[in-house]
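Enquirer: Requesting a structural model of the entry that follows:
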Amino acid sequence: MGIFARDESRTTLAASRIGRQATASLAGLLAGQGKTRSDLAAAMGVSPGRVSQIMSEDANLTVRTLAAVAEALDADVQITFRPRAQPTDARARSGTDTSPLHSSGLPARH
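Expert: Numbers count the residues shown, from 1 in each chain. Here you go, the predicted structure:
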């Protein structure tokens, strides 16, 4: 039994979603800096093919890879864990308000 055997299909879907978010963010940063994938490859000291692998939505990005990309682009990586938002109808049934203002302890303004 693997470490993720409990619900491996959900873990796989979540990993794909996180990978897409990371590569979309990286593509946006590159565009914002006016840099190409070739520029990134040169800054990282890797082949353009390796950058294509990193930018692939199917890439299994490691923290080390994210750090290498960030260092090459003089950027920071931010990883945030937060509870998933419940569908609106589920909040209404539970009577729970998960808005950021309410959950932060600040009074909600209406």
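Enquirer: buried ones in the lengthiest helix in the chain?
Expert: Counting by DSSP state H, the longest helix found in the chain is helix 8-32. Buried residues in helix 8-32, defined by neighbour count with 16 or more other C-beta atoms under 10 Å: 19, 22-23, 26, 30. All C-beta atoms are positioned from the backbone trio N, CA, C, and that covers glycine.
Enquirer: Summarise which helices and strands it is packed against.
Expert: helix 37-44, helix 48-55, helix 63-73 (3 or more C-beta pairs under 8 Å, 6 or more residues apart in numbering; DSSP states H and E).
Enquirer: just how off-centre is that helix within its chain?
Expert: Here helix 8-32 is found 5 Å from its chain centre; the criterion is C-alpha atoms, centre = their mean, to the nearest Å.
Enquirer: got the contact list for that helix?
Expert: 2, 4, 36-37, 39-40, 54-61, 66, 69, 73, 75 (C-beta atoms under 8 Å, 6 or more residues apart in numbering).
Enquirer: I'd say Ser38 and Pro48 touch.
Expert: Yes. In this structure Ser38 lies within contact range of Pro48 using C-beta atoms under 8 Å: 5.5 Å.
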